[in-house]
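Novice: coords please:
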Amino acid sequence: MSMLLRFALFFSTVTFLVCWLTYRILKRNLGLSPQGNRIMAAFFWISGLLMIAGPVSNRVLNTPATSLGDYFLQWTQFTLLGWIGTVFLVFLFVEILRLFSKPFDPAKRIFMTTGIPRGLIAGSTAASVLGMFEANAGPLIERVEIKLRTLPKSFDGFKIAQISDVHIGPLIHRDYLENVVERVMSLEADAIFITGDLVDGTVEQLRSEIEPLSRLKAPSGVYFCTGNHEYYSGVHEWVRHLESIGVHVFKNSNHILTRKSDAGDEHLLLAGVFDHSAHRYEESHRSDPFAACKNEINATCKILLAHNPFSIKEAAEAGYDLQVSGHTHAGQFYPYSFIVKTVLKYSEGLYRVNDQTQLYVNRGTGFWGPPNRLGKRSEITHLILKSGA
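Specialist: Next up, the predicted model:
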């Protein structure tokens, strides 16, 4: 409860700050009448209150996922959050441009002072609507071939289906997960990886929504590592629940796959760590890629499931050949995608970290918060491992 209260305080502070700043910027740019400004102020006050009521209803009151009233509240507040956030960034960029532009006479440049700002509002709204359609369209399947020089010949062509950041909860329900499960199973993968942030809510809230996950089956197993959102949702209960439906949960641990070849048994080590930030909520869950790969069997090739790409530094030092991650959502939608790509070294796709280690970052199978994936459609990754340099 203490963590939830801290989250509520932080979220409410940020929400009201963004709403207030956006209102001030629009008031300056739109040139509305006094009555128009009062209406706009009321809109932002209501929006801010809704954005606080949403997390309180879902997290503190533990509202059932089947509640239509809560779904409407969550959809409204997250849609407003996405739209206001987009408008704020767009106009902030305009304000920065003005600092470096030559002054002009507003009386002679009506289009510059009112036409462009109103056009930006219309454009932001249209972009939000388009992004909503992309979010609801569900994930694309991304086929990625990865060459690993240490991969045993008997594992050449090993197929992995990866899902990440599904965020089953306030806005993503059972029907969405059923579609994901059906598409994953159609890939006929040798193994299935779930790289964290599967849920946004407690087991009590989401038990029926998560049920389709029990249908995931693969010859070499279904594997899971925790993401940061599991720690907001009751991580211990979720670990127990996932294990009860046949999902192997990595806890800074590993599992060895063995195949026979003419030269004898060949091994592939699959490992997984707790989320990179897990120790902030549970000290015993401190992420440790080194501990995760300790095993008496000498596997020539090692693959790590780690929710956060930040784990790659230690993963490379520990000698992993491949890390699969999620977490970033690739920014989820424009214009935030520009920021994420600029700030993060690893935001989406395949990267070569050094001569041995590679990293793949899934951009998310669902979405979090605003139902918007403008330009960054969600994905299911179909990884095909090949032997070779």
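
Novice: T202: what's it in contact with?
Specialist: By C-beta atoms under 8 Å, 6 or more residues apart in numbering, the residues touching T202 are 62, 233-234, 237. For every residue, glycine as well, the C-beta is placed using N, CA and C.

Novice: So which of these wins on neighbours?
Specialist: S233 (21 neighbours; other C-beta atoms under 10 Å).

Novice: Give the closest residue to that residue in space, chain neighbours not counted.
Specialist: Once flanking residues are discounted, S233 sits nearest to V199: 5.3 Å by C-beta to C-beta, 6 or more residues apart in numbering.

Novice: tell me the helices in the stretch 51-200 of the chain, going along the chain?
Specialist: Taking DSSP state H, counting those that start in this stretch, the helices of the stretch 51-200 of the chain run over residues 68-99, 110, 116-136, 174-186.

Novice: before we move on, what about the stretch 251-389 of the chain?
Specialist: Applying DSSP H, counting those that start in this stretch to the stretch 251-389 of the chain gives helices spanning 289-292, 312-317, 336-343.

Novice: For A218, find the nearest of those helices.
Specialist: Among the helices of the stretch 251-389 of the chain, the nearest to A218 by C-beta to C-beta is helix 289-292 (20.5 Å).

Novice: on contacts alone, who are the packing partners of the closest one?
Specialist: Packing partners of helix 289-292 (3 or more C-beta pairs under 8 Å, 6 or more residues apart in numbering; DSSP states H and E): strand 264-272, helix 312-317.

Novice: and those as JSON lines, adding distance to H382, mean neighbour count and mean pLDDT?
Specialist: Output for these, formatted as JSON lines (distance: least, C-beta to C-beta, whole Å; neighbours: other C-beta atoms under 10 Å; pLDDT from 0 to 100):
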{"stretch": "strand 264-272", "distance to H382": "17", "mean neighbour count": "20", "mean pLDDT": "95"}
{"stretch": "helix 312-317", "distance to H382": "21", "mean neighbour count": "20", "mean pLDDT": "97"}
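
Novice: These into a markdown table, with extra columns for distance to A161?
Specialist: Formatted as a markdown table, those follow (distance: least, C-beta to C-beta, whole Å):
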| stretch | distance to A161 |
| --- | --- |
| strand 264-272 | 14 |
| helix 312-317 | 21 |
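
Novice: Surely M185 and K217 touch.
Specialist: Yes. At 7.4 Å, M185 counts as touching K217 under the criterion of C-beta atoms under 8 Å.

Novice: Switch the contacts of T202 over to TSV; also include distance to Y346 and pLDDT.
Specialist: Formatted as TSV, these follow (distance: C-beta to C-beta, whole Å; pLDDT from 0 to 100):
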residue	distance to Y346	pLDDT
N62	35	78
S233	25	90
G234	29	91
E237	31	97
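
Novice: Just give me the closest of the residues you listed to G349.
Specialist: Using C-beta to C-beta, these come closest to G349 at S233, 27.8 Å.

Novice: could I get the helices of the stretch 51-200 of the chain as a markdown table with mean pLDDT and mean neighbour count?
Specialist: Formatted as a markdown table, the helices of the stretch 51-200 of the chain follow (pLDDT from 0 to 100; neighbours: other C-beta atoms under 10 Å):
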| stretch | mean pLDDT | mean neighbour count |
| --- | --- | --- |
| helix 68-99 | 89 | 17 |
| helix 110 | 48 | 10 |
| helix 116-136 | 92 | 16 |
| helix 174-186 | 97 | 17 |
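
Novice: Next one: W45 relative to T15, how far apart?
Specialist: 11 Å (C-beta to C-beta, to the nearest Å).

Novice: Between these two, tell me which one has more neighbours.
Specialist: More crowded of W45 and T15, by other C-beta under 10 Å: T15, with 22 against 14.

Novice: Per-residue pLDDT of the nearest residue to that one once chain neighbours are set aside, please?
Specialist: Of all residues not flanking T15 in the chain, M51 sits nearest, at 4.4 Å (C-beta to C-beta, 6+ apart). For M51, the pLDDT comes out at 87.

Novice: for K108, same thing?
Specialist: K108 carries a pLDDT value of 51.

Novice: cool, D262 as well?
Specialist: According to the prediction, D262 has pLDDT 83.

Novice: next one: G366
Specialist: Reported pLDDT for G366: 97.

Novice: Helix 68-99 and whichever strand or helix holds F16, what's the angle between them?
Specialist: Using DSSP states H and E, F16 maps to helix 2-30. Here helix 2-30 points in a direction 50 degrees away from that of helix 68-99 (axes from the mean of the first three to the mean of the last three C-alpha atoms, to 10 degrees).

Novice: what helices or strands is helix 2-30 leaning on?
Specialist: Judged by 3+ C-beta pairs under 8 Å, 6+ apart, the packing partners of helix 2-30 are helix 34-55, helix 68-99, helix 116-136.

Novice: Out of the helices and strands in this protein, which is least certain?
Specialist: Of all helical and strand segments in the chain, the minimum by mean pLDDT, DSSP states H and E falls on helix 110, at a mean of 48.
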